[in-house]
Each structure stands twice: as C-alpha cells, then as structure tokens.
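Enquirer: starting from these lines, generate the structure:
(chains A and B)
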Amino acid sequence: MKRSKRKKPASKREMAASKLLASVPMRNEVAEVTPSGEGALVTVPVRRPGWLIPPISWVLPWRSHRRIQLDAPGAEVLGLCDGERNVEQVVESFARAHKLSFRESQLAVTAFLRELLRRGIIALVGT
Amino acid sequence: MSTADAETSPAGLERTCWQGMEIGHPADWEPGFLSGPDVPGRCVFVDRRFQRLEVHWRDLPRRPDLKQMYTRLAKSRRKKGVSALTDVGRWEGFVCREEAGSVVYAGCYFPDPRRLVEAVLIWPGRRDRKVERAVLGAIRPQGPSKALRWQALGLSASLPRDFRLTEAKSLVGRVTWDFRRPGRRGVGLSMERIVMGRAWLKAPLSDWVRGQLPQGFRPVRELAAEAGPHRGVELRSRRSNVLRWVLGLAVSRVDVAWSCPQQDRVYRVGLWQRTSGDVDWPEPLEVRCCRTVRIGPGVG
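Expert: This next block holds a predicted model:
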C-alpha cells in the first residue's frame, strides 16, 4: 500500500518544537568528561552486544568505551547540560555567550544536542 | 537579528531592511523567511514558538480600493469574530478572532514607490494593540536615497540601488548574500558574516580569505586594510588565462575581510567583474559591524 507523504500540520510542528525546547538534557552519568586542549574528551562505556561471543569476538574488534572529542563550543554546550536547564535555557545561555540571536543559537545547539543524544552522551527528559 | 548591532526603528523595535522594505518588529520576532529575488516580496517573522508576522508587498501602478478589498476578504473568512481594524493610521484591515488568539490582516498603499504592502499579525493569546500599532507604523518602503539598506540576520549593509539580490544563504552562524549589477560586464558583490570568529578562525585571516576564493582565482596582490578600527586584509585575485584574456572573459576580484573583536564576528566583502584590470568598489558601500565601515579604496 502506498503511504501518503503528507507534512505534519503546522500546529503539530510547533508542538514538537515547544516540547523540545521544554525538555531537559541530562548527561549520561557514566560518561566521563575530561578537558582536552580547548575542548573536552568524552568517554562513554558501550554495552557489549549479545551476539558478540567467541568465536565471533575473536575476529571482530570491540571496544568497551567510545571516545568523542568535542571542540570548545561543543564542550561549552555539554557543560550547560547540567540536568537543571532545559533546552530553551541552554540555547539562551549559548546565544548570550556568543552574541548570537536565539534562532541562530537554537539551530546550532539543537543539532549538536541531537548528535550527543545519538552517541549516548545525553538523554532528553520530558519529550 | 542580534540586538547588539541592529539599528532600531523609532518605536524601539528592531529593524529589518529587505528588498527595499523596512520592517520594524519586536526583537524576539526573528526572520524565519526572507524572499529571494522573486516578486512579490515576502518576509516572515517568528518568535520561539509561533509565526508572528508576515509581510508581503508588490508594486502596483494604481492605488487599490483597500477598504473594499479587505471587506471582501473578511466576508470570505466567514468567521463570527471578525471586526474592523481601527486606530492604525492609514492601514486598512480587519481582525479575526480565533479560539487560541487573534489574526490581524492589514494593508497599506504607499504612493511614493507605488507599492501595496500587506501584513498579517498573529497574536497567540492576548492581542497587544500597542505593539500592533508600533509594528504597522514601522512597516514602510525605504526612502529614495542613492543607497539601499539591507539589514537582517545580523548583517547590515548599504549598497547602490542597482544591485539585485541573487542569492541569500543562512547557515548556522554564517550568513551570505550575493548581489549582481545588471549589465554587459555584470558586476557581482558578495557579503558574508560569520559568528564565533575566535572559536574557529585558527589560521591568519589572510589564509582564510585565500581559502574562500572561488575555483580558478589566483591571488595577485595582498594588502593590509583598515576596516574602521579593525585590522583587515584586502586580497586582489584574477581568473584568467591566454584564451580568457583574448576572448575578454578574464575576471578580476577583490575581497576585504576583517574580524570585529567586539562582536566576535568575521566579515568579508567580495567584488568581481569581467575585466583584466583592477575592479573598483562601487559607491556608496558600507557594512556595519560594531560601527559603520565604508568600503572603498584601502577600505574605510
């Protein structure tokens, strides 16, 4: 069956944007953040997949930790994710620090938070 | 866009100048859409959650009957809560009361450039008439001066009226506008503003400017330039070979870039023309960082 590719109505999109702004980014408690150069190095433990047992594990390399190098603005955004500020406040703080408009900061910060979310460094609470 | 550098309109509103229009709006209504070279022109402003203001305009040789136009439009809405718009100067229109707020439809004809301007204001929740009056009063075509002001998204510039916008790009932290002057030897002008200069500009500014040159351009001459109180760099470059030179297709280019430490921004202005000689900056050409910088020979 063909699925229609209809866009979400504007009200729903606005709702999604409002929800994202209201959600609180929480840092992964087991992620280690160490200063590195101007930025930070984040080490996140990775769960060993169930299928990775000998003899497959003898052949396939597997690392117990994932390391992500953040540049200075990235480390700053991660530093703002203290579990108390919501996304809107993080965006505001970043905008104020770098003399950006809210919208400009929002585009940069939300894209970066999505990346952190994908890599398991943060979780968004309240979405 | 940033309140730090934008000039405000008399009512204390932020000012966006686009395609010959001047639009005053509260600082937290930011441009969500700015029309390209299309006609009619259109600008949309959004706050953090909603679309708040839409302005569109077109040139009309004759004054339309705005009263009749808006009466018809109001009837077509078939809403119970429709009332006439009052106390907004020469603007005509009506207000539509919706469940979650009000929508104001207003129009005005400006006889000087013979332009019809229409605005739609969206008020989620309470309608603020004071702001509404101030916003409508601050929407107008720009005066008939020699230069046209362009001000949006944290970039503000004045350039000769005959330059037409061909492309406007707004990526994260990077705003670029490209203009062309119609004519046989078409002159092109580009302006760029990049935020967080300190964070990403690791190499000297001149290296960065060289890296930004379009394909095929070879640097010819580099000079130090003074952009107001800031030190900058002026780079002249050329795209030419024997065949291009013979056919008259050689292109010369000049780029000026500077970093504004007060704003932590980097600005670049580039000009190119089909010529084998040097290109001259058009007059008047100004870009505003923490202060107005006149771009000319040796830069302002």
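
Enquirer: B:Glu14 touches B:Glu22, doesn't it?
Expert: No - using C-beta atoms under 8 Å, B:Glu14 is not in contact with B:Glu22; the gap is 11.3 Å. Where you see a C-beta, it was placed from the backbone N, CA and C, and this is true even at glycine.

Enquirer: who's more crowded, those two?
Expert: B:Glu14 (23 against 17; other C-beta atoms under 10 Å in any protein chain shown).

Enquirer: how near is the more buried one to chain A?
Expert: B:Glu14 sits 10 Å away from chain A, going by C-beta to the nearest C-beta, to the nearest Å.

Enquirer: phi, psi for the nearest residue to that residue once chain neighbours are set aside please.
Expert: Closest residue to B:Glu14 apart from its sequence neighbours, by C-beta to C-beta, 6 or more residues apart in numbering or on different chains: B:Ala27 at 4.6 Å. Main-chain dihedrals, B:Ala27, degrees, to the nearest 10: phi -60, psi -30.

Enquirer: neighbours around B:Ala27, how many?
Expert: For B:Ala27, using other C-beta under 10 Å, the count is 15.

Enquirer: which SSE is B:Val246 in?
Expert: helix B:242-247 (DSSP states H and E).

Enquirer: give me the buried positions along that helix.
Expert: For helix B:242-247, a neighbour-count test (16 or more other C-beta atoms under 10 Å in any protein chain shown) marks B:Arg244 as buried.

Enquirer: the following helix or strand past that helix: how far from the chain's middle?
Expert: With elements assigned by DSSP H and E, the helix or strand that comes after helix B:242-247 is strand B:251-260. Centroid separation for strand B:251-260 versus its chain: 20 Å, with C-alpha atoms, centre = their mean, to the nearest Å.

Enquirer: ok, so what distance separates B:Glu234 from B:Leu223?
Expert: 5 Å (C-beta to C-beta, to the nearest Å).

Enquirer: can you measure across stretch B:108-115, start residue to end residue?
Expert: 8 Å (C-alpha to C-alpha, to the nearest Å).

Enquirer: show me the contact partners of it.
Expert: B:20, B:57-61, B:63-64, B:66, B:90-92, B:116-117, B:136, B:139-141, B:144 (C-beta atoms under 8 Å, 6 or more residues apart in numbering or on different chains).

Enquirer: can you give me the buried ones in it?
Expert: B:Cys108, B:Tyr109, B:Phe110, B:Arg115.

Enquirer: which among the residues you listed gets closest to chain A?
Expert: Using C-beta to the nearest C-beta, B:Cys108 comes nearest to chain A of these, at 26.6 Å.

Enquirer: any idea how far the closest residue to that closest one other than its chain neighbours is from chain A?
Expert: Closest residue to B:Cys108 apart from its sequence neighbours, by C-beta to C-beta, 6+ apart: B:Trp91 at 4.7 Å. Going from B:Trp91 to chain A by C-beta to the nearest C-beta gives 26 Å.
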